[in-house]
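[1] requesting a structural model of the entry that follows:
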Amino acid sequence: MKKTLLIRILLGSVMAASLAGAPAMPAFAAPAAAAPLTGLPDFTQLVDRVGPAVVNIRTTERVSRAQRGGLPPGMDDDMAELFRRFFGIPMPSPGPKGGTPKKGQPQPDEEQNSGVGSGFVVSADGYIMTNAHVVDGAESIYVTLTDKREFKAKLIGADKRTDVAVVKVDARDLPTVPIGDSNKLRVGEWVVAIGSPFGLENTVTAGIVSAKGRDTGDYLPFIQTDVAVNPGNSGGPLINMRGEVVGINSMIYSQTGGFMGISFAIPIDEVMRVAEQLKKTGKVVRGRIGVAISEVSKDVADSLNLPRAAGALVRSVEPGSPAEKAGVLPGDIIMKFDGRAVDHATDLPRMVGETKPGVASTLQVLRKGKNQDLKITIAEADTDVQKPAKASQGSADVPHPNALGLVVSDLTDAQRKELKMRGGVVVELAEGPAGRAGLQQGDIILRVGDTDITSAKQFEETVKGLDAKRPVAILVRRGDATQFVPLRPRTPSGK
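    Alright, predicted model coming up:
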């Protein structure tokens, strides 16, 4: 089965084959004038206006002759292999002035193309937007305009988290493209992409917005379109019918490596917010609160009697982090940040990341069926590193599993101190409902429904009082990760 991938649409060195010698087309009588089409968009004026501001970006890297196998200039590995296989001619490593270098003599480096991409000019004095992955690892960056002028560009800054980069060329009075508002973009709206797919400069493709706020597991909610986007389109603009940039083309959804009808663009609002910081300081500063989170599934929402699956489930809290100082606990569900609803877990990192470090904010958390407001001071991202704690095993004396399929034991004083926990019990055996749900020996159970677990005896009494007709949410800690696991107790018959 072919593996489906989200692919950063950057191609390495691209070699285009030229077409020549095509036979002349036969002459035909001119057809009768066709009736004009109505209701279809005309992109010609838009492309004429915006096209000159779209650029081709070529990157290079330094490669030593030793890395290339000592090949002469202009000869690639495939050509050298042809000589070796079919003619028996080894290709020596050329030394200075074409001679063969002596043993141990250093070999000079040479510049080699490493990739192609696209970009667009946002200011007449030479600032250009593109993707971070287009310029990642580049020794040199070259920008080619539609009038064939080429400039060597300077990297101002790149942010891998959003895949946004800013480069600058030494030029004046460059054509620019106006910046739009991606928040006003509507699903079904016509959009155009201009870029250099497979190195073919200023290629225009069109389509519609298929979806907004598409979560692909990255930091941003992407714009999804059906505009044909291919390797080399990376960094090029997504343009609305008013000729405004509303996004940067960044990824495709593909089983083959080529376009399959789904492409993703970074919303221009986030792009420009990042670009401003890159232009000022060369880096992006983000806020953090120090929690690991996951989505609230429908099963968890049902087991907690929530009206809908929403919020960010706190799986772990970093020691010494703003979240720990604010009183956030594993198992809390963060419902709002500074009054803004957290509909999906991925909303929270974006909201916190946009907040400046040092700002006092408010978290609304759902804990045991009740909402609580916690005051929290935002810290700067990428400062503290969380050290994982180990869940130790308890007693080997294992009794009969209970209605959840669990056998547990009390944590020792040493375990409580190591894990910095006041309550909880450690799993010795998991079978039946617990086993099917993935619980295993060494997991720590912190809560059953809204009841905090303090001892193995109390846990057993709590399980005995559960309704076998309804699932219950078990708060489980494994290492430093904490999550709710919905379990349905077995009936007395054992089913």
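
[2] make it CA atoms for all contacts and neighbour counts henceforth
    Fine.

[3] how long is stretch 40-58 from one end to the other?
    35 Å (C-alpha to C-alpha, to the nearest Å).

[4] now the phi/psi pair for residue 404, please.
    With angles defined as degrees, to the nearest 10, residue 404 sits at phi -90, psi 0.

[5] contact partners for it?
    432-434, 463, 487-490 (C-alpha atoms under 8 Å, 6 or more residues apart in numbering).

[6] now it. Nearest residue, chain neighbours left out?
    residue 489 (4.9 Å; C-alpha to C-alpha, 6 or more residues apart in numbering).

[7] go ahead and confirm that neighbour touches residue 465.
    No - in this structure residue 489 lies outside contact range of residue 465 using C-alpha atoms under 8 Å: 10.2 Å.

[8] isn't residue 249 right up against residue 232?
    No - at 10.0 Å, residue 249 does not count as touching residue 232 under the criterion of C-alpha under 8 Å.

[9] who's more crowded, those two?
    Remark: of residue 249 and residue 232, residue 249 carries more neighbours, 33 against 29, as counted by other C-alpha atoms under 10 Å.

[10] can you pull up the bridge partners for that one?
    Beta-bridge pairing of residue 249, defined through DSSP bridges, involves residue 265.

[11] measure it to residue 463 for me?
    Distance from residue 249 to residue 463, by C-alpha to C-alpha: 53 Å.

[12] now swap in residue 485 and tell me
    From residue 485 to residue 463 the distance is 15 Å (C-alpha to C-alpha).

[13] output the below-cut-off pLDDT ranges for the chain.
    Along the chain, segments meeting pLDDT under 70 span 1-39, 63-110, 216-219, 254-258, 382-399, 492-495.

[14] mind naming the longest helix for it?
    helix 268-281 (DSSP state H).

[15] need the next SSE after it, C-terminal direction.
    Heading C-terminal from helix 268-281, the first helix or strand you meet, by DSSP states H and E, is strand 287-288.

[16] for that following strand, name the packing helices and strands.
    Here strand 287-288 touches helix 347-353, strand 379-380, going by 3 or more C-alpha pairs under 8 Å, 6 or more residues apart in numbering; DSSP states H and E.

[17] packing partners of the first one?
    Helices and strands in packing contact with helix 347-353 are listed as strand 287-288, strand 333-337; criterion 3+ C-alpha pairs under 8 Å, 6+ apart.

[18] the last one now?
    Under the contact criterion of 3+ C-alpha pairs under 8 Å, 6+ apart, strand 379-380 touches strand 287-288.

[19] ends of stretch 482-491, what's the gap?
    27 Å.

[20] show residues contacting it.
    Under C-alpha under 8 Å, 6+ apart, the answer for stretch 482-491 is 294, 299-300, 303, 313-316, 330-331, 403-405, 433-434, 437, 466-477.

[21] name the residues of that stretch that are buried.
    Neighbour-count burial for stretch 482-491 flags 482-490 (criterion: 16 or more other C-alpha atoms under 10 Å).

[22] give me the secondary structure label for the residue nearest to residue 404.
    Under DSSP: H, G, I helix; E, B strand; the rest coil, residue 489 falls in the coil class.

[23] and it, how close does it get to residue 420?
    30 Å.

[24] any idea how far residue 189 is from residue 183?
    13 Å.

[25] quickly list what residue 208 is bridged to.
    With DSSP bridges as the rule, residue 208 is bridged to residue 190.

[26] number of nearby residues for it?
    Considering only other C-alpha under 10 Å, residue 208 is surrounded by 17 other residues.

[27] could you measure the residue nearest to residue 401 when sequence neighbours are not counted against residue 210, distance?
    Distances taken as C-alpha to C-alpha, 6+ apart place residue 407 nearest to residue 401, at 5.0 Å, with adjacent residues excluded. Per C-alpha to C-alpha, residue 407 is found 50 Å from residue 210.

[28] repeat for residue 461
    For residue 461 relative to residue 210 (C-alpha to C-alpha), the value is 52 Å.

[29] follow-up on the earlier one: the longest helix of the chain: which residues count as buried?
    268-272, 274-275, 278-279.

[30] repeat for stretch 250-266
    Within stretch 250-266, the residues that count as buried by 16+ other C-alpha under 10 Å are 250-254, 257, 259-260, 262-266.

[31] ok, of the residues you listed, which one's closest to residue 200?
    Nearest to residue 200 among the buried residues of stretch 250-266: residue 259, at 15.2 Å, using C-alpha to C-alpha.

[32] that closest one belongs to a strand?
    No - counting by three-state DSSP, residue 259 is not part of a strand but coil.

[33] OK, contacts around it?
    228-230, 252-253.

[34] which ones among these are found in strands?
    252-253 (DSSP state E).

[35] show me which pair in the contacts of residue 259 is furthest apart.
    Longest span within the contacts of residue 259, C-alpha to C-alpha: 228 and 253, 11.2 Å.

[36] got any residues that touch both of the two?
    Among the neighbours of residue 228, those also in contact with residue 253 (C-alpha under 8 Å, 6+ apart) are 259, 261-263.

[37] now distance to residue 200 too, for these, in CSV please.
    CSV is the format used below for the shared contacts of residue 228 and residue 253 (distance: C-alpha to C-alpha, whole Å):
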residue, distance to residue 200
259, 15
261, 20
262, 20
263, 18
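
[38] for these, which one is nearest residue 157?
    Nearest member of the shared contacts of residue 228 and residue 253 to residue 157, counting by C-alpha to C-alpha, is residue 263, at 25.0 Å.

[39] helices of the protein, start to end?
    Using DSSP H, helices in the chain cover 44-50, 77-82, 132-135, 268-281, 298-303, 322-326, 347-353, 413-419, 432-436, 456-464.

[40] tell me which residues in the last one are buried?
    Residues of helix 456-464 classed as buried: 456, 459-460, 462-463 (neighbour count, 16+ other C-alpha under 10 Å).

[41] any residues touching that helix, and which ones?
    Residues contacting helix 456-464 (C-alpha under 8 Å, 6+ apart): 402-404, 408-410, 425, 448, 453.

[42] show me how far that helix is from its chain's centre.
    Centre-to-centre, helix 456-464 and its host chain are 43 Å apart (C-alpha atoms, centre = their mean, to the nearest Å).
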